[in-house]
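A.B. asks: need coordinates for the below:
(one chain, ligands or ions: 1)
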Amino acid sequence: MDIPSELIQLLRKKPRTAVLTGAGISAESGIPTFREAQTGLWARYQPEDLATPAAFERSPRLVWEWYAWRRELVAKASPNAGHYALAALESRLDEYCLITQNVDGLHARAGSRCVLELHGSLQRVKCSRCHAATDGEDIPDWQTIAAAHPEEIPPRCPSCGAALRPDVVWFGESLPGAAFQAAWQAAETCQMFLSIGTSALVQPAASLPLIALQQGAVVVEINPSATPLTPQVTYSLMGPSGAVLPDLVNQAFPAVAGTSLQN
Ligand code: OAD
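C.D. replies: Numbers count the residues shown, from 1 in each chain. Take a look at the predicted model:
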């Protein structure tokens, strides 16, 4: 993709940069976005029917198994060129912060170091009761617990015996405080903000690019489709992030021969 030359020049000045990603950046890794139809076994369920405290209360086994299915899906997936391009961009900038709404862990697997997981992670679980269940520390040995008691689905908390639950933010729940504070501050202080692969519909994450715009940052959207944010951004790069991001990073920071990012 031909990136506007002013944007390339801006990026070469190494601005303080914040990035917000959504499910779209993982689409080219084969992971369905949130608003795509669920596939196969789970086709008859909507995420809104499963990703809520009430759903877990009502059918803990069903919700646990849905997340186990998503964990397997992610384990078989690999980061794509878009994830790697962001890791390369982080290595070329002095001040950079990646904020993601995704729970698939692909940014870290691609080498991103500063990753703020606003909606938690599929790889972590926490207790549904103790450990200050909202912002609780995760249960690191939960796979051992599950293997020792395969009949117990969901597995039980080693401390209080209550059901373990995925450490992800469910509809109606608050975001992890520390991650959200850091993300809010990054949006308030950045000079460039990239909004990538998100429908910009779900609050409070959808406010982050608007905060950046209001304080005078250059805001760039990367998405093959228009979103409510598109009319307000400084640059709209219409295309799949797995192609646009490598072009953006390679054109701004031409790699030495042989190490350029592949689409
Ligand atoms: P959505 O499914 O709402 O939006 C995905 C976006 O990715 C859409 O705008 C697509 O156009 C775009 N997209 C699709 N393929 C793409 C590609 N190859 N490259 C770039 N973009 C692409 O997912 P999110 O915006 O992430 O919250 O949804 C935000 C939150 O809504 C999720 O984190 C989840 C959901 O409720 C919670 O679970 C709390």
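
A.B. asks: surely V220 touches M238?
C.D. replies: No. Counting by Cβ atoms under 8 Å, no contact exists between V220 and M238, whose distance comes to 11.6 Å. The C-beta positions use only the backbone N, C-alpha and C, and glycine is treated the same way.

A.B. asks: more neighbours, these two?
C.D. replies: When V220 is set against M238 and neighbours are counted by other Cβ atoms under 10 Å, the residue ahead is V220, at 25 against 13.

A.B. asks: doesn't that one lie inside a strand?
C.D. replies: Yes. Judged by DSSP: H, G, I helix; E, B strand; the rest coil, V220 forms part of a strand.

A.B. asks: okay, and the beta partners of it?
C.D. replies: L194, Y235 (DSSP bridges).

A.B. asks: switch to numbering from 731
C.D. replies: Noted, 731 is the first residue going forward, which turns the last one into V950.

A.B. asks: distance check, it against L846.
C.D. replies: V950 sits 19 Å away from L846 when distances are taken as Cβ to Cβ, to the nearest Å.

A.B. asks: for the stretch 831-980 of the chain, what lies in contact range of the ligand?
C.D. replies: Within the stretch 831-980 of the chain, the positions lying close to the ligand (Cβ under 6 Å from any ligand atom) are 831, 849, 899, 927-929, 931-932, 953-955, 957, 970-972.

A.B. asks: from those residues, which would you call buried?
C.D. replies: Neighbour counting with 16 or more other Cβ atoms under 10 Å marks 831, 849, 899, 927-929, 953, 957, 970-972 as buried within these.

A.B. asks: now do the contacts for the nearest residue in space to K806 that is not next to it in sequence.
C.D. replies: In space, and not counting its chain neighbours, K806 is closest to G760: 8.0 Å by Cβ to Cβ, 6 or more residues apart in numbering. Contact criterion Cβ atoms under 8 Å, 6 or more residues apart in numbering gives 803, 806-807 as the residues in contact with G760.

A.B. asks: what's the pLDDT at G760?
C.D. replies: The predicted local distance difference test score for G760 is 92.

A.B. asks: got phi/psi on it?
C.D. replies: Main-chain torsions, G760, degrees, to the nearest 10: phi 90, psi 10.

A.B. asks: and D897, by the same measure?
C.D. replies: Dihedral angles phi and psi of D897 (degrees, to the nearest 10) take the values phi -90, psi 60.

A.B. asks: now it: closest residue in space that isn't a chain neighbour?
C.D. replies: Spatial nearest neighbour of D897, excluding adjacent residues (Cβ to Cβ, 6+ apart): R854 at 3.7 Å.

A.B. asks: what's the following helix or strand after the helix or strand hosting the one you found?
C.D. replies: Counting by DSSP states H and E, the element that carries R854 is strand 850-857. On the C-terminal side of strand 850-857, the nearest following helix or strand under DSSP H and E is helix 872-878.

A.B. asks: starting at the chain centroid, how far to that following helix?
C.D. replies: When distances are taken as Cα atoms, centre = their mean, to the nearest Å, helix 872-878 is centred 26 Å away from the chain's centroid.

A.B. asks: stretch 942-961 too?
C.D. replies: Chain-centre distance of stretch 942-961: 17 Å, with Cα atoms, centre = their mean.

A.B. asks: can you count the residues close to L780?
C.D. replies: Burial of L780 is recorded as 20 neighbouring residues (other Cβ under 10 Å).

A.B. asks: burial of the closest residue to it other than its chain neighbours, as a residue count?
C.D. replies: Taking Cβ to Cβ, 6+ apart as the measure, L780 lies nearest to W796, with 4.9 Å between them; neighbours along the chain are not counted. Counted by other Cβ under 10 Å, the residues lying close to W796 total 21.

A.B. asks: cool, thanks, signing off.
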